[in-house]
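Peer 1: Compute the structure for the input listed below.
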Amino acid sequence: MASVFDTIKLNVGNTDRSNSWYRSQVQRIAGNASARQLMRDGKLNGRPSVGRLNLFGYDPKFKKTLPYYDIFPLVLPLEPTKGGFMGMNFHYLPPLLRFRLLERMQAKATDQRFDKNTKFDVSYDDVKRIKIVKPTIKKYLYSHLKTGFLRINADEAAIAIHLPVQRFQKASDAKVYADSRNFI
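Peer 2: Predicted coordinates for the structure are as follows:
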């Protein structure tokens, strides 16, 4: 059986598609997909894939004091930190803003093929002044991982940002998105 990513990539063909096209395809094909299901169906890595989006299970160290957090973040790693890494969690943005952020990251791609070999060549210094990025910057500790990392290749990124797999704890998606818009 083909994965969600494979099915939607087949429908894309060699055509540029809009945010609304990706959103409608994801709703039609993978409307009920869960992060756990994607993790079960994919090959997990022990470390995040630098230059690519990564989906993983996470239990934050300071969850008692955080106003909310995502237990299945979709992160583009930016730089290593002591015991972990810092990255952009796309889930903190509503889908349209995720798509805009992804377009900005595509401008920093290592090539324009956007295939399994393409990487997003960005660091914290490259993005720290971009307003849309500010609410997405988070630090993750390896000791608080709950799963391995599901690597999302560049040709799957537009699909991944539309999958409804964010799992915010202590707040609704709408609250998180409103706070992010206010922060921007």
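Peer 1: Just the mean pLDDT for stretch 43-50, thanks.
Peer 2: Confidence for stretch 43-50, expressed as mean pLDDT, is 92.
Peer 1: center of this protein - which residue?
Peer 2: Note on the chain: the residue nearest the mean C-alpha position is residue 74, at 2.8 Å, using CA atoms, centre = their mean.
Peer 1: Let me know the distance separating that residue from residue 102.
Peer 2: Spatial separation of residue 74 from residue 102 under the definition CB to CB, to the nearest Å is 11 Å. C-beta here means a position set from N, CA and C on the backbone, and glycine is covered the same way.
Peer 1: Overlap in contacts, those two.
Peer 2: Both residue 74 and residue 102 are in contact with 90, 161, where contact means CB atoms under 8 Å, 6 or more residues apart in numbering.
Peer 1: what pLDDT does the residue nearest to the centre of the chain get?
Peer 2: With respect to pLDDT, residue 74 scores 97.
Peer 1: Equivalent analysis for residue 53, please.
Peer 2: Confidence per residue is given as pLDDT, and for residue 53 that number is 97.
Peer 1: Can you name the residues bridging to it?
Peer 2: Using DSSP bridges, the beta-bridge partners of residue 53 come out as residue 152.
Peer 1: The protein: helices as residue ranges?
Peer 2: Taking DSSP state H as the test, the helices found in the chain are 4-12, 19-30, 35-41, 95-106, 124-127, 157-160, 173-183.
Peer 1: quick one: average pLDDT of the fourth one?
Peer 2: When you say that, I think you mean helix 95-106. Over the span of helix 95-106, the pLDDT mean works out to 94.
Peer 1: any residues touching that helix, and which ones?
Peer 2: 19, 22-23, 76, 88, 90-91, 93, 114, 120, 122, 130, 132-133, 136, 154, 157-158, 161-162, 180-181, 184.
Peer 1: among those residues, which ones are buried?
Peer 2: The neighbour-count criterion (16 or more other CB atoms under 10 Å) marks 19, 22-23, 76, 88, 90-91, 93, 120, 122, 132-133, 136, 154, 157-158, 161-162, 180 among these as buried.
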